[in-house]
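Q: The sequence isn't on hand, but the structure is:
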């Protein structure tokens, strides 16, 4: 832990012990947040791993399939080493639709 992190924790704990809750979240706010988060954690499908710098896993293409496809302004193809064919260029996160 770095010095500034220690100072932050010291302040938080010191304020809590002194009864100053300005930096703390009230219990009812935490409970309200969990009413939203808990169902998502319980029922959301697992995340799919993917390489950093890409647009995400190939499963992401299924999400947009009924609306068309992602627009990737990068070059359309690149050579596949040893395969003799072409494959789509990696999707860039900067080019993902908003």
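A: Yep, that arrived. Here the structure is a predicted model, which means the values were calculated and not measured.

Q: neighbours around residue 31, how many?
A: Residue 31 sits with 9 neighbouring residues when counted by other Cβ atoms under 10 Å. To be clear about C-beta, it is placed using only N, CA and C from the backbone, and glycine gets the same treatment.

Q: same thing with residue 8?
A: Neighbour tally, residue 8, other Cβ under 10 Å: 13.

Q: which parts of the strand or helix carrying it are buried?
A: Here residue 8 is covered by helix 3-18, with elements defined by DSSP states H and E. Using 16 or more other Cβ atoms under 10 Å as the burial criterion, none of the residues of helix 3-18 qualify.

Q: Equivalent analysis for stretch 60-68, please.
A: Buried, per 16+ other Cβ under 10 Å, within stretch 60-68: residue 60.

Q: mind checking how far that stretch is from the chain centre?
A: Remark: stretch 60-68 is offset 19 Å from the chain centroid, using Cα atoms, centre = their mean, to the nearest Å.

Q: Okay, the spatially most central residue of the chain and residue 55: tell me how far apart.
A: With distances taken as Cα atoms, centre = their mean, residue 47 lies nearest the centre of the chain, 9.7 Å away. Counting by Cβ to Cβ, to the nearest Å, the gap between residue 47 and residue 55 amounts to 14 Å.

Q: Fine, thanks again, bye for now.
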